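Asker: Give me a model of this one.
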Amino acid sequence: MKASHLGTIGVALLMVLLSTAALSGAQTTAPFGSIAGCVSDMTTQRLPGATVVATGEGVRRTTVSDDRGCYELTDLRPGSYRVTARYPGFDNVTRDRVAVMPVMVSPLDFTTRISPVCACLRVLGDLNDQWKSAEAVLHVRVAASDPDQVHPVGYYRHIAAVLNVFKEPPGGVSRTSPVDVLQEQSGGSRLPFDIGQELVVFLKASGIGGFVIVNDSPRLAGPAANGMVAFLFDGGRIVEAPLDLTGYLGMEVEPFLEELRVALRRFQPREPAADFAILFNNPGCHYEYIDTFRGTYSHHGAKAPVPFTLSEEQRRTLLAAIMAADFFELPASLNNIPGEARYEIDVRNDGVRRAVSWSGSSQWYGSEAGMGISQIMGVVFKILETHPSVQGLPARGDGCNGGPPAVR
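Answerer: Numbers count the residues shown, from 1 in each chain. Modelled structure (predicted):
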């Protein structure tokens, strides 16, 4: 009898302990909440089949609106969420810092618009081509989204901390202040990047307050393809890359960043100016030679070369024209024709020297290379017009008809 009595007490004690544990668990586990609403277009027409994604509190939940265009995201831990509604052919719409409370439904309706027709130009080519097309190349970490800031129509505004600047944008960028990166959200776009994610992004300055990502429109890449020139990092490797640059997927971050540093040294020489020599030689008519390697200038009417130097501002202006023309990528000869007037530009910058020559009747003037060379020559001519060393020389006739040189 005693043993049976003790057994009964043990079972009862075990049941009490289990009940207490269950009660304690129920008291310490916060009840879940939910987000619910409907998705409509600008005419208030409901959109069945819209995808709604909630991200926050360490989870991502996805659902689809029903035949009434309404949805519900359930079993969400209390906290703050970013919620995006997506529908094919329409702009994504995102709401930040949506509060979820225990055992409550947070109402959240979305109104979206038809995405406009894309009048975009896709930049093709390798990393160097993308570099030359972009106005800025930054390594950033997505830091926040300010709900008080106005999101431009069709874009999501990220606030990003600048980790590295590989290509300085016009007007510069602060290494200590965040930048606004605008990610397009037209039909078919991916979800906005998450806070904490690191990217290298190729950007263009925008008149809508910040930088836009190059080739961001999904219509440039096709369905389910990433066309934007942005490289997403995770676990020390590249996990997302542009459509034409998928060979970088899986590459470790540091070697990739070093490749960008090489591009920086190649396309943005650190020297503040270039040394150059420019020759205009039409045999028997016109001769003009500027040589900053030796610091001299001479022309058809001058008896001897005269000292010639450039100011720092003139050097920087010239260097900008040289780099804008991709001068170091041009062929050495742009259609030289024997017996015709010959022109040559010889440039040295950052330890690299390049000479490019052409004939007076060459047909390349209307090409991209020709326009770049013309820009360089325009800068040089402007310098010559006001340079004190040149002003003191006899008039620069071309030797053929006594007028100004034909190259002018």
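
Asker: going forward, measure contacts between C-alpha atoms and count neighbours the same way
Answerer: OK.

Asker: Return the distance of the closest residue to Pro331 other than its chain neighbours relative to Ala332.
Answerer: The shortest distance from Pro331 to any non-neighbouring residue, by CA to CA, 6 or more residues apart in numbering, is to Val356 (6.7 Å). Taking CA to CA, to the nearest Å as the measure, Val356 falls 4 Å from Ala332.

Asker: Wasn't Lys382 part of a strand?
Answerer: No. Lys382 sits outside any strand when classified using DSSP: H, G, I helix; E, B strand; the rest coil, being helix.

Asker: just for the stretch 251-400 of the chain, where's the confidence low?
Answerer: 265-274, 283-286, 300-303, 335-336, 339, 349-351, 360-366, 368-369, 394-400 (pLDDT under 70).

Asker: Let me see the ranges of the helices in it.
Answerer: Secondary structure of the stretch 251-400 of the chain (DSSP state H, counting those that start in this stretch): helices at 253-267, 312-324, 368-386, 388-391.

Asker: so which of those gets nearest Leu121?
Answerer: Among the helices of the stretch 251-400 of the chain, helix 368-386 comes nearest to Leu121, with 16.7 Å by CA to CA.

Asker: list the buried ones in the closest one?
Answerer: By neighbour count on 16 or more other CA atoms under 10 Å, the buried set for helix 368-386 is Ala369, Gly370, Gly372, Ile373, Ser374, Gln375, Ile376, Met377, Val379, Val380, Ile383.

Asker: Adding distance to Glu288, write the helices of the stretch 251-400 of the chain out as JSON lines.
Answerer: Formatted as JSON lines, the helices of the stretch 251-400 of the chain follow (distance: least, CA to CA, whole Å):
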{"stretch": "helix 253-267", "distance to Glu288": "29"}
{"stretch": "helix 312-324", "distance to Glu288": "18"}
{"stretch": "helix 368-386", "distance to Glu288": "11"}
{"stretch": "helix 388-391", "distance to Glu288": "11"}
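
Asker: Which of these sits closest to Gly236?
Answerer: helix 253-267 (5.6 Å).

Asker: now the closest one, how far from the centre of its chain.
Answerer: Computed by CA atoms, centre = their mean, to the nearest Å, the separation of helix 253-267 from the middle of its chain amounts to 15 Å.

Asker: Flag every buried residue along it.
Answerer: Burial within helix 253-267, assessed by neighbour count using 16+ other CA under 10 Å, is assigned to Val253, Phe256, Leu260, Arg261, Ala263, Leu264, Phe267.

Asker: Tell me the one of these nearest Glu340?
Answerer: Of all those, Phe267 has the smallest distance to Glu340: 33.0 Å, by CA to CA.

Asker: can you pull the contacts of the residue lying closest to Arg157 once chain neighbours are set aside?
Answerer: Spatial nearest neighbour of Arg157, excluding adjacent residues (CA to CA, 6+ apart): Leu182 at 4.7 Å. Going by CA atoms under 8 Å, 6 or more residues apart in numbering, Leu182 touches Tyr155, Tyr156, Arg157, His158, Gly210, Phe211, Val212, Ile213.
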